[in-house]
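> got a sequence here, can you build the structure:
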Amino acid sequence: MKVEIETHRDGETAVVEYDYARRDPDEKPMILDVLLQAQATEMPDLAFRYGCRARNCGVCTVDVNGRPRLACRARIREGDRISPVNTLPPLADLVVRRDGVARQMRGRLTSVAQGNDLNQDPPEDYHKLTACIECYACLQGCPMHARNFEDSTDPGASEGYRHGNPFSLLKLQMLRIDPLSSEAGREQALEHAKDLGLDACRDCKGCKCGVGIDLMGKVVRPLLAAAGE
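All right, here's what the predicted structure looks like:
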């Protein structure tokens with residue numbers, strides 16, 4: 001089965017055609033199977049990330065034909081092209097710079113808790129949001145995240161991205177519905193969401209989550225409603 005693998009070295013992009021050797025005629029390989037075999041055979045210096053191999057960590061996310069996919073759980077087909085996710089700057093081959101998103105949240109989740117009763121049950125929506133694995137597939141097509149690349153030639157290089165994304169909004173919404181958050185903390189989270197560019201969500205058709213979280217219904221719309229649209 002022949003597939004294409006993009007490589008990124010020193011600012012140069014190349015495409016390598018790789019012929020995956022199936023272990024049996026009926027095998028339907030995952031993207032990660034192809035990458036591991038390619039690295040073990042013809043492309044020993046191929047750079048990519050993977051961790052849990054069980055859809056729990058999100059670090060193996062790559063693009064397949066321009067759309068984000070979890071390499072450990074997405075099947076690959078004849079002629080598919082594997083490339084780094086196009087929403088984050090490539091570092092080497094399929095490895096992208098992820099830390100700009102994490103740094104963006106530093107200092108934004110500093111609310112004062114109301115009491116220390118850890119036995120309080122959070123709402124059901126809170127539990128649903130904890131399913132996020134930080135794969136950053138939700139950055140695809142996000143008009144808020146796109147603003148980062150309009151504003152800077154090196155976004156996220158030091159202090160993190162100036163503008164937000166569905167992941168950062170999810171974290172702020174979790175803070176807003178956490179029963180341990182104070183009222184001041186909830187207001188602070190909402191102000192951070194507005195500061196990150198929540199207004200970009202008003203005309204957005206919706207964001208996609210790599211693990212199926214209803215980002216529009218559980219994150220974006222509640223934030224817009226709380227901000228008075």
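> contacting residues for V101?
Taking C-beta atoms under 8 Å, 6 or more residues apart in numbering, we find V101 in contact with L88, Y136, L139, G156, G160, Y161, N165, F167, S168. Every C-beta, even on glycine, is put in place using the N, C-alpha and C of the backbone.
> for R49, which non-adjacent residue is closest in space?
Spatial nearest neighbour of R49, chain neighbours left out: V59 (4.6 Å); criterion: C-beta to C-beta, 6 or more residues apart in numbering.
> so what's that neighbour up against?
V59 sits in contact with R49, Y50, G51, R98, E134, C135, where contact means C-beta under 8 Å, 6+ apart.
> residue ranges for the strands of the chain, please.
For the chain, applying DSSP state E gives strands covering 2-9, 12-19, 61-64, 67-70, 81-83, 90-92, 95-96.
> return the most buried member of those strands.
Of all these, strand 61-64 carries the top mean neighbour count, a mean of 24, counting by mean count of other C-beta atoms under 10 Å.
> that one packs against which elements?
Secondary-structure packing of strand 61-64 (3 or more C-beta pairs under 8 Å, 6 or more residues apart in numbering; DSSP states H and E): strand 67-70, strand 81-83.
> that one - what's its average pLDDT?
What strand 61-64 shows for mean pLDDT is 98.
> what does that strand contact?
31, 48, 68-71, 74, 76, 80-86, 94, 135-137, 210.
> from the contacts of V101, which has minimum pLDDT?
Minimum confidence in the contacts of V101 sits at G156, scoring 58.
> for P90, list the residues it contacts.
Taking C-beta under 8 Å, 6+ apart, one finds H8, P84, V96, R97 in contact with P90.
> return the distance of stretch 135-149 from the chain's centre.
9 Å (C-alpha atoms, centre = their mean, to the nearest Å).
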